[in-house]
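1. One predicted model, sequence on top.
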Amino acid sequence: MATMIIEGERTKAASGKTYEVRNPATGEVVDEVPAGGPADVDKAAHAAAKAFATWSKLPNNKRAEILHKAAHHMLQKVEEIAIILTKEQGKTILESRIEAQRFGENIAWFADLADKIHGSHVALPDTTTYGLVVRKPIGVCGAIVPWNFPLTLAANKVAPAIAAGNTVVLKPASTTPLSTLACIEALIEGGLPEGVVNVVLGQATGEAIVEHPLIRKIALTGSTPTGRKVMAKAAEQLKKITLELGGSDPCIVLDDADIEAAAKAVSIGRFFNCGQACLAVKRLYVQEGVYDALMEKLVARAAKLKPGNGLEKESRMGPMHTETQRAEVEAQVKDAIQHGARVVFGGGRPKGDGYDRGWFIEPTILENVADGARMWTEEVFGPALPVRKIKNLDEGLRLANDSAYGLGSSIWTASMPAAYRAVQELEAGYTWVNALQIAHDELPFGGTKQSGFGKEHGVEAFLQYTEEKSVVYGGVG
Ligand code: NAD
C-alpha cells in the first residue's frame, strides 16, 4: 500500500481511511492509498515549516547543487515512473515517458536559477542612507494538482518553489497520486532533504491546504469552478495565489497557411493525452479556401489514432481518465449533434475486444456546430473538436475571443500582418504563430479572463515564489 510522504515518515492517514486507485483502461486496482485529511495536512505543514528554517538558509549555490543531483537521480527512473503514470492515468506510455522526463528537467531548469536571485540597490535622497530591495523566499507553499498531467503540473509548482528556498505541501489529484509519490521519493533518494517536499493524499486535503495558516502561498491547477472556491477561501487569510484554470483555446487557420503543418499541430493539439489538456486546440476556425483540404488531413490523422491500453505498443490514444469525464464529453458532443452538427469523424466509443473494460472514446471531429452549443461555450476536456468555416481574419478573431476563457491560442498564416494582429488581439496568455502548442520552460505560462492568473514556467514563475523586501541602511554617511 502506498503511503504519504511527511518529513522523514512514510505515513498512513491519521483517520486510517484508504481508497483505491484504478486503471482507467482496465478497471483494475493499481494500489490502495491513504485518504488523508486536515490532520495530515497539519502535520505536513509543520514538517515543511521546520524544513524551511534550514532549506531557506542554505547558500543558494548549495541548494542548486542538491536540486541538480536530485533531478539527475530522478531522471534515471523515468521508465519505471512512466509505467506507473500510464497505469493510474491512462495515457500512452510514450506520453508518460515525455511527462516523467519533463518532471526531472523542470527541477533542473529551476535549479539553474537558484543561485541567480538578485535584488537591487536604490539611491535615496538622504545620502547618509541607502536603499536595497532584497528577495526572500515566501515560506511554506501549497501545490494542488489535477489528474491530466500529474507530473508536469506538480513540477511547475514544486520546482520554482524549492529552487527559491521555499518548502512545499503537495497534493496530487486523488486519482493520480502514485507517479507523483515515485517522483518525490526519487528526489529524496537523490539527496533532497526530507521535509522540503511533503506529499499528502486524498480529496479532503485540498481545502485543508488552502485553510492552513502556516501555508503562505497556494498554487492550483484545476477547473475554473475550483479556482473560484480556492480564491475565496485563500482571501480569508490574504494568501498569495496562482490559478492555472480551464481553457478553450481557439486556433485560426487562414488560406495562406501551411496546411500540412497546421493539420499536424491541430491533431496533436486536440488529441494528445486523449484531449485532456488545458492547453489544447479546442475550437478550430478555418478560412473557406483551405477548409476542405484541412478537414481531409485532419480526418486522415484522426483515423491513425488507435485507442487502446496505454501500455500496449500499438495504442495511439489512451482511455479517458474517468467515467464521469467521458460522460461529460459525450454529453457535449450529443448537444452539438442535437443542434444540427455533422459528425465528420468518430462520435462514439470504439468497438472490439477489451474496450468495454475502460473509459475509451473515439477521436471526434464535428462541423456545422451551432452558435451557443456547449462545445463552443464550455471547456471540452476530451478528444472532440468543433470546426467552423470563416470568411476572413476579422471573423476568426471575433469568434476566437467570444469565450470566457483566455489560456492559449494559435494562428496559422504566411502573412506577417495577420499574425501580428492575432498576437495583438487574441485574448489569451499565450499565442503560437505557425507553431505547435507547447509550453516552453523558458516562457511564462498562464491565463487571462476565466483561465486564471499568475505564471508558471520562466523566470517569472521563479520570482513569484519570492517576496521583495525594501531595506534602508542608515548611518552610513
Ligand atoms: P479540479 O478542479 O476538479 O481539481 C484540481 C485539484 O484541485 C485536485 O487535486 C482536487 O482534489 C483539488 N480541489 C478540488 N476542489 C478543491 C477545493 N475546494 N479546495 C482545494 N482543492 C480542491 O480539476 P481536475 O478535474 O482535476 O482537472 C481538470 C481541470 O484542470 C480542467 O478544467 C483543466 O482545464 C484544468 N487544467 C488547467 C491547466 C492550466 O495550466 N491552466 C492545466 C491542466 C488542467
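-> Received, thanks. Everything numeric in this text was worked out from a predicted model, so none of it was measured.
2. Kindly report the residues of the stretch 101-250 of the chain close to the ligand.
-> Residues of the stretch 101-250 of the chain lying near the ligand by Cβ under 6 Å from any ligand atom: 144-149, 153, 171, 173-174, 203, 206-207, 210, 220-223, 226, 229-230, 244-247. In short, each C-beta sits where N, CA and C put it, glycine included.
3. would you list every one of the helices in the stretch 51-200 of the chain?
-> 60-75, 78-89, 93-114, 150-163, 178-189 (DSSP state H, counting those that start in this stretch).
4. Need the winner for burial among the ones you listed.
-> Ranked by mean neighbour count under mean count of other Cβ atoms under 10 Å, the helices of the stretch 51-200 of the chain are led by helix 150-163, which reaches a mean of 28.
5. any idea of the mean pLDDT in it?
-> Averaged across helix 150-163, pLDDT comes to 98.
6. for that helix, the distance to its chain's centre please.
-> Averaging C-alpha positions (Cα atoms, centre = their mean, to the nearest Å) puts helix 150-163 10 Å from its chain's average.
7. same question, stretch 114-128
-> Distance, stretch centre to chain centre, for stretch 114-128: 35 Å (Cα atoms, centre = their mean).
8. what's the first-to-last distance across that stretch?
-> End-to-end distance for stretch 114-128, by Cα to Cα, to the nearest Å: 33 Å.
9. Outside of that stretch itself, list whatever touches it.
-> Outside stretch 114-128, the residues that touch it by Cβ atoms under 8 Å, 6 or more residues apart in numbering are 59-61, 63-64, 67, 130-135, 163-165, 466, 468, 472, 474-477.
10. What subset of the residues of the stretch 101-250 of the chain next to the ligand is buried?
-> Among those, those that count as buried by neighbour count (16 or more other Cβ atoms under 10 Å) are 144-149, 153, 171, 173-174, 206-207, 210, 220-222, 226, 230, 244-247.
11. so where's the stretch 101-250 of the chain uncertain?
-> Confidence mapping of the stretch 101-250 of the chain against pLDDT under 70 gives zero matching residues.
12. which residues of it fall in strands?
-> With strands called from DSSP state E, counting those that start in this stretch, the stretch 101-250 of the chain shows them at 120-122, 130-137, 140-144, 167-171, 197-199, 215-221, 240-244, 249-253.
13. Repeat that for the stretch 351-477 of the chain.
-> 364-367, 384-390, 405-406, 410-412, 432-433, 448-449, 452-453, 466-473.
14. Among these, show me which one is buried the most.
-> When those are scored by mean count of other Cβ under 10 Å, the highest mean neighbour count falls to strand 410-412 (a mean of 28).
15. Sheet-wise, list the partners of it with their directions.
-> Each strand that strand 410-412 pairs with, and the sense of that pairing, follows from DSSP bridges: strand 249-253 (parallel), strand 432-433 (parallel).
16. Mind checking those for the one nearest to I390?
-> Each of these has some distance to I390 by Cβ to Cβ; the shortest is strand 249-253, at 7.4 Å.
17. Which helix or strand lies directly C-terminal to that closest one?
-> Counting by DSSP states H and E, the next helix or strand C-terminal to strand 249-253 is helix 259-271.
18. So is that following helix next to the ligand?
-> No - looking at helix 259-271 against the ligand by Cβ under 6 Å from any ligand atom, there are no contacts, and the closest approach is 13.8 Å.
19. how far does that helix sit from the chain's center?
-> 20 Å.
20. Output the contacting helices and strands for that helix.
-> Helices and strands touching helix 259-271, as assessed by 3 or more Cβ pairs under 8 Å, 6 or more residues apart in numbering; DSSP states H and E, comprise strand 249-253, strand 281-287, helix 288-303, strand 410-412.
21. First-to-last residue distance for stretch 410-430?
-> Taking Cα to Cα as the measure, stretch 410-430 stretches 8 Å from start to finish.
22. pLDDT value on D402, please?
-> Reported pLDDT at D402 in the predicted model: 98.
23. Not counting sequence-adjacent ones, nearest residue to it?
-> W376 (7.9 Å; Cβ to Cβ, 6 or more residues apart in numbering).
24. Tell me how many other residues crowd that neighbour.
-> Under the neighbour criterion other Cβ atoms under 10 Å, W376 is assigned a count of 21.
25. ok, now R342?
-> By other Cβ under 10 Å, the burial measure for R342, its neighbour count, is 12.
26. Kindly report the same for A232.
-> Residues within reach of A232, counting by other Cβ under 10 Å, total 10.
27. wait, doesn't P34 sit right on V21?
-> No - counting by Cβ atoms under 8 Å, P34 stays clear of V21, with 11.3 Å between them.
28. separation between E427 and V387?
-> From E427 over to V387 the distance is 21 Å, taken as Cβ to Cβ, to the nearest Å.
29. neighbours around T167, how many?
-> Residues lying near T167 (other Cβ under 10 Å) number 29.
30. Mind pulling up the pLDDT for W376?
-> Here, the pLDDT recorded for W376 equals 98.
31. Let me know how buried the spatially closest residue to F381 that is not a sequence neighbour is, in neighbour terms.
-> Taking Cβ to Cβ, 6+ apart, and ignoring the residues beside it in sequence, F381 has Q276 as its nearest neighbour in space, at 5.6 Å. The burial count assigned to Q276 is 23, neighbours taken as other Cβ under 10 Å.
32. any idea how far Q276 lies from G382?
-> In this structure, Q276 lies at 6 Å from G382, with Cβ to Cβ as the measure.
33. Now the common contact residues for these two.
-> M320, Q325.
34. re the thing from before, now render the helices and strands packed on helix 259-271 as CSV, adding distance to I361.
-> CSV is the format used below for the helices and strands packed on helix 259-271 (distance: least, Cβ to Cβ, whole Å):
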stretch, distance to I361
strand 249-253, 20
strand 281-287, 15
helix 288-303, 12
strand 410-412, 24
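35. Run through the residues that contact A234.
-> Residues touching A234, when contacts are defined by Cβ under 8 Å, 6+ apart, comprise V210, I218, I241.
36. swap that for A303, please
-> When contacts are counted by Cβ under 8 Å, 6+ apart, A303 is found next to F345.
37. Distance of it relative to the ligand?
-> In this view, A303 and the ligand are 27 Å apart by Cβ to the nearest ligand atom, to the nearest Å.
38. for D353, same thing?
-> If you measure D353 against the ligand using Cβ to the nearest ligand atom, the figure is 30 Å.
39. and Y355, what is it in contact with?
-> The neighbourhood of Y355, defined by Cβ under 8 Å, 6+ apart, consists of P307, R349.
40. Would you quantify the distance from it to the ligand?
-> From Y355 to the ligand the distance is 23 Å (Cβ to the nearest ligand atom).
41. Looking at that residue now. What's its pLDDT?
-> For Y355, the model assigns a pLDDT of 96.
42. do the same with the one 10 residues further on
-> With respect to pLDDT, I365 scores 98.
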